Every structure is written in structure tokens, then in C-alpha cells.
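Chemist: what would the 3D arrangement of this be:
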Amino acid sequence: MHLNTIQPAIGSKRAHKRYGRGIGSGIGKTCARGHKGQRARAGGYHKIGFEGGQMPLQRRLPKFGFTSRRIKYNAEVRLHELNSLADNVIDLLSLKAAHVVGPRVKIVKIINSGKLEKKVTIRGIGVTSGAKQVIESLGGKVE
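Modeler: Modelled structure (predicted):
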């Protein structure tokens, strides 16, 4: 095989349509542009969204929606992140002090991801059912 012998697979490339090459071509005379009208003229077309003078869709529809730059107040904590905490009683303040969650977080939920290696007591924090089973199997409590 040489670079000058490489060809595309048969049928993968289609010859372009040769417009305006006589009646016998099937695309002669008007060259698939129809009769008269703006689209039949050379250089005659319109901007995107133009609907022939009718009020365009993007102007008919109301402006709506609002993206708030609200701070994220919810956070998830994985089980393996609790291993790094020195205290065995874990609440929102201890998670903030250890920089596991951000300072503005108000709602935390512990999810079953990773391995918990010590006995802990959870206070005032949401816990998924799977995480609760793991904590209680190690002798910990969820209050």
C-alpha cells in the first residue's frame, strides 16, 4: 500500500450535484431554486430568524428565566471523609471546623461512599439508610 493509492470505500463519497447543466440533468433551468422570489435571485436572502416580515419567533416569545447566583447551602459528606475528623461526635460545626464542608453550608447529608474505620456519633445531620447501617454496624449512633 502506498499513499498515492489510498481511496475511500466505494459508495462512501457521493459526487456533488452539478446544478444548471441542462434539462437532461434533472436540475437544469431553475437549478432547484424554483420560480422567481427572493431565494431564486443571486445574492438575495435574509438574516437568520427572518420570517418574511412576520414578527420572528425569538421576538414573539417572552423573555423569561433567571439564574440566581445563590450560594450553595447543601453539601454531601462521604463516609471515608469522617475518618479524618479527630472528634468522635460529628455535627455541622465540627465538619466546618475540619473544612470538610464550606463555611456557608447549612444542610449536610452523609452518604454511603468509601469505608468508615471508626466508631462515630452523628448529631443533627442527615444520613442515608446505607450510611446509617454502616455507622451502626461499627457501634456508632445516629441522633
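Chemist: what about stretch 1-16, average pLDDT?
Modeler: Averaged across stretch 1-16, the pLDDT comes to 93.
Chemist: try stretch 99-113
Modeler: On average, stretch 99-113 scores 93.
Chemist: buried residues in that stretch, which are they?
Modeler: The neighbour-count check on stretch 99-113 (16 or more other Cβ atoms under 10 Å) flags 100-101, 105, 108, 110, 112 as buried. Placement of C-beta: from N, CA and C, glycine included.
Chemist: can you report phi and psi for residue 129?
Modeler: phi -60, psi -40 (degrees, to the nearest 10).
Chemist: number of residues surrounding it?
Modeler: 7 (other Cβ atoms under 10 Å).
Chemist: ok, the one 3 residues further on next?
Modeler: If you count neighbours by other Cβ under 10 Å, residue 132 ends up with 16.
Chemist: SS state for it?
Modeler: Using DSSP: H, G, I helix; E, B strand; the rest coil, the structure places residue 132 in helix.
Chemist: fine, thanks again, bye for now.
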